[in-house]
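1. the following comprises the amino acid sequence and a computationally predicted model.
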Amino acid sequence: MDRARRPRSVLAVLTAALLAVPGITALSSAARAADADVATNGGFESGLTGWTCTAGTTVNTPVHSGSSALQATPAGSDDAQCAQTVTVQPNAQYTLSGYVRGSYVYLGASGTGTTDVSTWTQSAPDWQKLSTTFRTGAATTKVTIYTHGWYGTGVYQADDITLIGPGGSGTGQPPAAPAGLRATSVTSSSVGLSWSAATGATSYAVYRDGVKAQTVSGTSATVSGLTASTAYSFQVTAANDAGESAKSTAVTATTSAGGGGSGGLPAHALVGYLHASFANGAGYTRLADVPDSWDVIDLAFGEPTSVTSGDIRFNRCPVTECPNVESDADFKAAVKAKQAAGKKVLISIGGQNGQVQLTTTAARDTFVSSVSKIIDTYGLDGLDIDFEGHSLSLNANDTDFKNPTTPVIVNLISALKTLKAKYGSSFVLTMAPETFFVQNGYQYYGTGKWGGQDPRCGAYLPVIHALRDDLTLLHVQDYNSGPIMGLDNQYHSMGGADFHIAMTDMLLTGFPVAGDQNNVFPPLRPDQVAIGMPASTNAGNGYVSPSEVTKALDCLTKRTNCGSYQTHGTWPALRGLMTWSVNWDRYANWEFQKNFDAYFG
């Protein structure tokens, strides 16, 4: 049979007959005319505008269409949901659709007033369309649509999400983007903003570096909790019942320099650990022989007499192990000479073998007295906390880093505050945690909501937070580390500038702990942060070449040479670099020191 001449379908014939009968109206044209896409920014072309996400960001590749798509990475306790609430009509039919990539990706609607719906794919190596329908209830005027992955199953993408159906009655259109955004005041920790009113707006959202910071009803706001000497980009959107506008033109403001907390350090400091109590393959280096480039010298290590005693002892390297070791008198003279040259000499407590658990108040008090004795004996400038291994962990019911209850955490905080109060404002306090105890807290904190996680994860966060006003320097060990998820929800691994950029950006931007947007670890000041790196390939896993060190510094202080990771700010006041160790750098012909000197001058 000729395909061009086959009979018209029964449906076509019936439709034509119905149209010929007076009073009968075709369902198609009238219904379609009333339908619209009532979702806001379903293609994510305006970032996450209109969406609320627990762990999402926008990417330029892969995309289904346009130039952006959603990308999110579920964690062990978070399915990385992105959702928005839209205005709908009661007793109306809607079709929810979207394109997704990844494993175990869901698309659904809740609050429908009838039967909530969802659809999902187990595996979509390339873009796959998901679609489902629902009917709203008799009194339903708002519905929440969402997409999410599944716990710990890896990254997923979503794009071109639509909700087709009748628009909410009487809602009209979202407002236009606000005009006239400007900075009205700037301090070391806040920026005041104002803008012109947008017709029809009932509220405004303020975005800091692309992330929603707050929602206000008027045409001004103050964004606080910012870092000193840091450039920020701000935008504003207007909203009403119909949705949120596009973002306004961006305004950049740089906070002023913060006061205090520097511990008498230069603007950019080089920090190094000196093997003072042992020798290894790097050999022993006398304190007097440490070059003047080193601004902070951490004497490694003071160690406890037992794990829970709190009794810290500093035993200098014996002559049988270090034949060229100086006498106590020469060592003390070298401390004074370094201080006369403006350098800081600290006792570092812990290290790989020095497990310290202050499980009791008695151990806390012994810690304070024994550390004080070391400081006084050698005339030192302060203390470095280098607790590793199992020194810090969280009890199962200890879930709020701002209000810790675990004894080893509470007692350490109390001990450090006591030492700071005893020695006064000139006391230098530094910390050198591993990434597992700090940045990994973005994904996991302690044992987690349902248990089963490593109780040490994120365990340094309550200590850092409680002492942030007393802390001179935090130099996390960006080495001997597994892959860590950054604020872009991508895993970053050692071996290049990218790892140091992502890890440092987290400290200077702040981050939600265990994915909880209501429990955010606030950013540190840039003058409180140095980047920890191995001095050579012999010093530890994660060594990077001088050129990669320079890339990291360029990105963080100038926002240039960043590579694939985009920071959330620019921090010219970043304090500097820390390395393990002075001895290993000497062994490598001072490569690390020379690169620092060349960069900062």
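-> It's in.
2. so where's the protein shaky on pLDDT?
-> Low-confidence segments of the chain, defined by pLDDT under 70: 1-34, 168-172, 257-263.
3. ranges for the strands of the stretch 251-400 of the chain?
-> In chain order, the stretch 251-400 of the chain shows strands spanning 251-254, 269-275, 296-304, 312-313, 344-350, 382-386, with DSSP state E, counting those that start in this stretch as the criterion.
4. export those strands as JSON lines, with columns for distance to Glu321.
-> (C-beta placed from N, C-alpha, C; glycine too.) As requested, the strands of the stretch 251-400 of the chain are arranged in JSON lines below (distance: least, CB to CB, whole Å):
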{"stretch": "strand 251-254", "distance to Glu321": "51"}
{"stretch": "strand 269-275", "distance to Glu321": "10"}
{"stretch": "strand 296-304", "distance to Glu321": "14"}
{"stretch": "strand 312-313", "distance to Glu321": "16"}
{"stretch": "strand 344-350", "distance to Glu321": "19"}
{"stretch": "strand 382-386", "distance to Glu321": "21"}
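5. who wins for proximity to Met578 among those strands?
-> The closest of these to Met578 is strand 269-275. By CB to CB, the value is 3.9 Å.
6. what's that closest one in contact with?
-> Residues from elsewhere that reach strand 269-275, judged by CB atoms under 8 Å, 6 or more residues apart in numbering: 282, 284-285, 287, 290, 293-300, 317, 348, 430, 473, 475, 530, 535, 575-583, 585, 593, 596-597.
7. quick one: that strand to strand 382-386, angle?
-> Strand 269-275 runs at 70 degrees relative to strand 382-386, counting by axes from the mean of the first three to the mean of the last three CA atoms, to 10 degrees.
8. and strand 269-275, what's buried?
-> 269-275 (16 or more other CB atoms under 10 Å).
9. what lines up beside that strand in the sheet?
-> On the basis of DSSP bridges, the sheet neighbours of strand 269-275 come out as strand 296-304 (parallel), strand 576-580 (parallel).
10. that strand vs strand 344-350, what angle?
-> Using the same axes, to 10 degrees: strand 269-275 against strand 344-350 is 50 degrees.
11. just how off-centre is strand 269-275 within its chain?
-> Going by CA atoms, centre = their mean, to the nearest Å, the spacing between the C-alpha centre of strand 269-275 and its chain's C-alpha centre is 26 Å.
12. let's see that strand as CSV, backbone CA atoms only.
-> Backbone C-alpha positions of strand 269-275 (Å, rounded to 0.1, in the frame of the first residue of the first chain) are rendered in CSV as follows:
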residue,chain,number,x,y,z
ALA,A,269,55.6,34.3,56.8
LEU,A,270,57.6,31.1,56.1
VAL,A,271,56.9,28.5,58.8
GLY,A,272,59.0,25.3,59.2
TYR,A,273,59.4,22.4,61.6
LEU,A,274,62.9,21.8,62.9
HIS,A,275,63.8,18.2,64.0
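13. contact partners for the nearest residue to Cys317 once chain neighbours are set aside?
-> The shortest distance from Cys317 to any residue other than its chain neighbours is 5.1 Å, reached at Val325 (CB to CB, 6 or more residues apart in numbering). With contacts defined as CB under 8 Å, 6+ apart, Val325 is in contact with 284, 286, 316-319.
14. beta partners for Val513?
-> When assigned by DSSP bridges, Val513 has beta-bridge partners Asp516.
15. roughly how far does it sit from Leu473?
-> Plainly put, Val513 is 22 Å away from Leu473 if you go by CB to CB, to the nearest Å.
16. more crowded one of the two?
-> Neighbours were counted for Val513 and for Leu473 using other CB atoms under 10 Å; Leu473 has more, 28 against 25.
17. tell me the contacts of that one?
-> Residues near Leu473 by CB under 8 Å, 6+ apart: 263, 265, 269, 271, 296, 428-431, 528-530, 575, 578.
18. out of these, who's nearest Phe134?
-> When the contacts of Leu473 are ranked by distance to Phe134 (CB to CB), Val529 comes first, at 49.1 Å.
19. the closest one and Leu508 touch, don't they?
-> Yes: using CB atoms under 8 Å, Val529 and Leu508 qualify as a contacting pair, with a distance of 6.2 Å.
20. identify the contacts common to these two.
-> Between them, Val529 and Leu508 share the neighbouring residues 571, 574, with contact defined by CB under 8 Å, 6+ apart.
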